[in-house]
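1. my questions concern the predicted model and sequence given below.
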Amino acid sequence: MENKYIHDTEDALLKTYNRFPVVVEHGEGVYVYDTEGKKYLDFTAGIAVCSLGYSNEEYKNALKSQIDKIMHTSNLYYNTACGEAAEALKDICGMDKVFFTNSGTEANEGALKAARKYAYAKKSGRYEFIAMEHAFHGRTIGAVSVTGHKEYREPFEPMMAGVSFAEFNNLDSVKALVTDKTCAIIVEPIQGEGGINPAEPEFLEGLRTLCDENDMLLIFDEIQCGMGRSGSYFAWQGYGVKPDILTMAKAIGNGIPVGAFAMTAKVAEHSLKPGDHGTTYGGNPLACAAVAKTIEIFKKEKLVEHVNEIAPYVKEKLEEIVQTGGCAVKAKGKGLIQGLQITKPVSEVSAKALEEGLLVISAGSDVLRIIPPLIIEKEHVDEMAEKLKKALA
Ligand SMILES: *Cc1c(COP(=O)(O)O)cnc(C)c1O
């Protein structure tokens, strides 16, 4: 603990994270640099956040210019950036109405409230949620209540009432939980934290039908897999299965704390009204300037197309590593949300990768998560593969 920054952090900050002993000082392109000047290839993108990497001047200038104008008003007035960001997000996510939050977990809280309000307005008496085993939806009480990891919930019980857990990709296990009180089903189309598990198309299609037949709402949490990462702006578009409520965060602002939930006009008509929900910071000009500019850059640089061009090469390299017969046993994922299942302890491999100058994190207990900035090129994939091989050896 000789480093002052590590010392001060450990001394003053509540110990809720096990951090790697690296102090990040700045980023450039798809690399970050620590206070000792060591360079790391970043295949975490700050957990699927910094999709544009760290050197996008246009993005940075948009934030600087918004700071010069105004950073905060409140939701009692309109601001110049909010409408622009909402229109742009609505357009790419294919939903009708958007609400801005400050984080992913808040987006899910809002989605749960929106679903309950919809049931309340329709006097259906429905309030229960069906969630998935191994799902991750955030850390507030509502979000933890639908998170499919017992160890995340247990210390904080009792949880929100009316939640049951089905097996991901097992439609029958969902059907078995449906009651006349079920209000909504919440699912990540591609589970992130739970181990990079893409849903089977038939599973999502089955959930859609089940919801339609029983007047239940389908909520997709695309906080991690959304915003281009899966190879379409949102994974639901790639699957062709549209949710009633969609939650987003992480990459939509490329690093500014911002999230959103969005819904169809049908849900909005009966759901949250003035007084039902709000946030001081949500929709603030700075966050909205980031969202609007991020989306503009995505379009201009055709980043979703780029994901589809580069992702097969990432997959090829990961498959190559599996073929060599070491401790990597399986590559799984979609687009630039990939996982490498390994038999060695993941934290050990992440620590060795760090020594090699590669940032890579875990997803669940036995998967390495490959979620680079979306701007990566072949040379970065080659460098990743080389470093990862050494870390796995
Ligand atoms: C990160 C994440 C969240 C929580 O988002 P925060 O911004 O950390 O609150 C929720 N759901 C999924 C799928 C996530 O990956």
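-> That came through, no problem.

2. going forward, measure contacts and count neighbours with C-alpha atoms only.
-> Fine.

3. contact partners of the longest helix along the chain?
-> When the chain is parsed with DSSP state H, its longest helix is helix 303-323. Contact with helix 303-323 is made by 228-233, 298, 328-331, 334-336, 338, 340, 374-378, 381-382, 385, 389, as judged by C-alpha atoms under 8 Å, 6 or more residues apart in numbering.

4. so for it, mean pLDDT?
-> Average pLDDT, helix 303-323: 98.

5. in that helix, what's buried?
-> For helix 303-323, a neighbour-count test (16 or more other C-alpha atoms under 10 Å) marks 303-304, 306-308, 310-311, 314-315, 317-319, 321-322 as buried.

6. among the residues you listed, which two are most distant?
-> Greatest spacing in the buried residues of helix 303-323, by C-alpha to C-alpha: 303 and 322 (27.8 Å).

7. for stretch 73-86, measure first residue to last.
-> 17 Å (C-alpha to C-alpha, to the nearest Å).

8. what does that stretch contact?
-> Counting by C-alpha under 8 Å, 6+ apart, 98, 279-286, 288-289, 291-292 sit against stretch 73-86.

9. gap between that stretch and the chain center?
-> 24 Å (C-alpha atoms, centre = their mean, to the nearest Å).

10. any idea of the mean pLDDT in that stretch?
-> 95.

11. with stretch 346-365 instead?
-> 96.

12. got the CA coordinates for that stretch in CSV?
-> Output of stretch 346-365 as CSV, limited to C-alpha atoms (Å, rounded to 0.1, in the frame of the first residue of the first chain):
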residue,chain,number,x,y,z
VAL,A,346,-11.2,-16.2,-12.8
SER,A,347,-9.7,-13.6,-10.4
GLU,A,348,-6.3,-15.3,-10.7
VAL,A,349,-6.4,-15.0,-14.5
SER,A,350,-7.6,-11.4,-14.3
ALA,A,351,-4.7,-10.6,-12.0
LYS,A,352,-2.2,-12.2,-14.4
ALA,A,353,-3.8,-10.4,-17.4
LEU,A,354,-3.2,-7.2,-15.5
GLU,A,355,0.5,-8.0,-15.2
GLU,A,356,0.5,-8.5,-19.0
GLY,A,357,-1.2,-5.2,-19.5
LEU,A,358,-4.7,-6.3,-20.3
LEU,A,359,-7.8,-5.4,-18.4
VAL,A,360,-10.4,-8.1,-18.3
ILE,A,361,-13.0,-8.9,-15.7
SER,A,362,-15.1,-11.8,-14.6
ALA,A,363,-18.8,-12.6,-15.2
GLY,A,364,-20.0,-15.0,-12.5
SER,A,365,-17.6,-17.5,-11.0
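
13. residues of it that come out buried?
-> 346-347, 349-354, 356-365.

14. please apply the same query to stretch 65-77.
-> Within stretch 65-77, the residues that qualify as buried by neighbour count (16+ other C-alpha under 10 Å) are 66, 71, 72.

15. of the contacts of stretch 73-86, just the buried ones, ChimeraX syntax please.
-> ChimeraX command restricting these to the buried ones, with burial defined by 16+ other C-alpha under 10 Å:
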select :98,281,282,283,284,285,286,288,289,291,292
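
16. would you turn the contacts of stretch 73-86 into a markdown table with pLDDT and distance to residue 243?
-> Output for the contacts of stretch 73-86, formatted as a markdown table (pLDDT from 0 to 100; distance: C-alpha to C-alpha, whole Å):
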| residue | pLDDT | distance to residue 243 |
| --- | --- | --- |
| 98 | 98 | 14 |
| 279 | 97 | 24 |
| 280 | 97 | 27 |
| 281 | 97 | 26 |
| 282 | 97 | 23 |
| 283 | 97 | 23 |
| 284 | 97 | 26 |
| 285 | 98 | 28 |
| 286 | 98 | 29 |
| 288 | 98 | 24 |
| 289 | 98 | 27 |
| 291 | 98 | 22 |
| 292 | 98 | 23 |
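
17. what about the contacts of stretch 73-86, which are in strands?
-> Those of the contacts of stretch 73-86 mapping onto strands are residue 98, per DSSP state E.

18. for residue 60, state which of the contacts of stretch 73-86 is nearest.
-> Checking the contacts of stretch 73-86 against residue 60 by C-alpha to C-alpha gives residue 289 as the nearest, at 10.3 Å.

19. could you verify my assumption that that closest one touches residue 62?
-> Yes: counting by C-alpha atoms under 8 Å, residue 62 is a contact partner of residue 289 at 6.7 Å.

20. who's in contact with residue 376?
-> Residue 376 makes contact with 30, 310, according to C-alpha under 8 Å, 6+ apart.
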